[in-house]
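[1] Dropping a prediction and its sequence here:
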Amino acid sequence: MLVSSLYVIIGLILLMGASDRFVESAVRLARTLGVSIVLIGALIVGLGTSLPELLVSAIASIDGNIDVAMANVTGSNVANVTLVLGAAAAVAPIMSRTLILRREGVLMFVAVTALAAVLWDGTVYRWEAALLLLGMAATLVLLVKWSASDPDGIIELDDDEEAHSILGELIIGFAALAVTVFAARLLLNGALDLGERFGLGEAFLGVMLGVGTSLPELATTMAAVRRHESDLVIGNVLGSNLFNSLAVAGAAGVVGPGILIDLARPALVVMVAVVVVAGGFAWNDRRLVRREGIALLVIFLVFAVLSY
């Protein structure tokens, strides 16, 4: 029990420190490169925090567990919109711009809908997975193109501010990301062990597992909230869900296509529905406020409990 408690404490400390440094590197890169913070949030923060899902899903598919891989993707997408975005909005309002909602937001909706369509018949074919990967390539091109035409999202260097080393910040940023992922795993292992020792139910442990798989995204998002970087928060969620739906699911389907024995169609409906709900909240007054964040958190808890 002492070891598990230490895992939780050390994991929390590392998670907070590393995620904060990761976000700092992301902001510095955006300033130095003169690009949209949403682009940095989607490409570096969002995609970077989704790398664990890519590895887990690819390995599961190679081992013949395509069900595990796709359940991982679906659950992560739901958690990103409800848990991650909801927690951020519950702490502080998340401002959004109409342009982002109309372009990147719609793109995310198309991606998760495409994933749901691929999974709906209970079979993942290699050609379907290849189309998802092609969709990811097209998405990257669009994100870069849109960023270049979005001057309002660019954070320029102050007159007295020196440009940071791009290579240096990339190295530090990805090192901080690696520590964030390691700390999340340490914290999750400790929390799950303590839960089992205290005799907590499977439903609770299931919720803990769902939270744990989204800890890197959650940690970096909360760090962005502390720095009042709303565009980085949005970019993180957008990038994570785009990467999960197209790259992670696509890679898993290419290396290990097959039949989904335990297909949960209600989860696919929820995955698409929460994107619509969150988009509707944000579209209403161009921001997500505390009550809407709490509503998203409630949806996550209900989904997590019913899923286990």
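    That came through fine. Because the structure is predicted, anything quoted here is derived from the model rather than measured.
[2] For the stretch 101-250 of the chain, just list every one of the strands.
    For the stretch 101-250 of the chain, the strands defined by DSSP state E, counting those that start in this stretch cover 123-124.
[3] for it, which spans come out with low pLDDT?
    Applying pLDDT under 70 to the stretch 101-250 of the chain picks out residues 150-164, 184, 188, 192, 195, 199-213.
[4] please redo it, this time with the cut-off set to 90
    Within the stretch 101-250 of the chain, the segments meeting pLDDT under 90 span 101-106, 122-123, 140-240, 243-244, 248.
[5] Show me the helices in it, by range?
    In the stretch 101-250 of the chain, the segments counted as helices under DSSP state H, counting those that start in this stretch are 106-120, 126-148, 166-197, 202-213, 215-226, 230-242, 249-255.
[6] Need the winner for burial among these.
    Compared across those, helix 230-242 shows the largest average neighbour count, a mean of 29 (mean count of other C-beta atoms under 10 Å). From N, CA and C alone the C-beta is placed, and that goes for glycine too.
[7] Pull the contacting residues for residue 73.
    Neighbouring residues of residue 73 by C-beta atoms under 8 Å, 6 or more residues apart in numbering: 53, 57, 115, 244, 245, 248, 249, 252.
[8] sorry, that was for residue 275
    Neighbouring residues of residue 275 by C-beta under 8 Å, 6+ apart: 81, 108, 109, 112, 241.
[9] change it to 7 Å
    81, 108, 109, 112 (C-beta atoms under 7 Å, 6 or more residues apart in numbering).
[10] If we ignore the residues flanking it in sequence, what's nearest the third one?
    Read that as residue 109. The shortest distance from residue 109 to any non-neighbouring residue, by C-beta to C-beta, 6 or more residues apart in numbering, is to residue 275 (5.2 Å).
[11] what about that neighbour, which helix or strand?
    For residue 275, the element it lies in under DSSP states H and E is helix 265-285.
[12] Can you show me the CA trace of that helix as PDB?
    Extracted C-alpha coordinates of helix 265-285, given in PDB (Å, rounded to 0.1, in the frame of the first residue of the first chain):
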ATOM      1  CA  ARG A 265     -22.900   0.400 -31.200                       C
ATOM      2  CA  PRO A 266     -24.300   2.600 -28.400                       C
ATOM      3  CA  ALA A 267     -20.700   3.700 -27.600                       C
ATOM      4  CA  LEU A 268     -20.300   4.800 -31.300                       C
ATOM      5  CA  VAL A 269     -23.500   6.800 -31.000                       C
ATOM      6  CA  VAL A 270     -22.200   8.500 -27.900                       C
ATOM      7  CA  MET A 271     -18.900   9.200 -29.500                       C
ATOM      8  CA  VAL A 272     -20.600  11.200 -32.300                       C
ATOM      9  CA  ALA A 273     -23.200  12.700 -30.100                       C
ATOM     10  CA  VAL A 274     -20.800  14.200 -27.500                       C
ATOM     11  CA  VAL A 275     -19.000  16.000 -30.400                       C
ATOM     12  CA  VAL A 276     -22.400  17.500 -31.500                       C
ATOM     13  CA  VAL A 277     -23.300  18.500 -27.900                       C
ATOM     14  CA  ALA A 278     -19.900  20.100 -27.100                       C
ATOM     15  CA  GLY A 279     -20.000  21.900 -30.500                       C
ATOM     16  CA  GLY A 280     -23.500  23.100 -29.700                       C
ATOM     17  CA  PHE A 281     -22.400  24.500 -26.300                       C
ATOM     18  CA  ALA A 282     -19.500  26.300 -27.900                       C
ATOM     19  CA  TRP A 283     -21.500  27.600 -30.800                       C
ATOM     20  CA  ASN A 284     -24.200  29.100 -28.600                       C
ATOM     21  CA  ASP A 285     -22.000  32.000 -27.300                       C
END
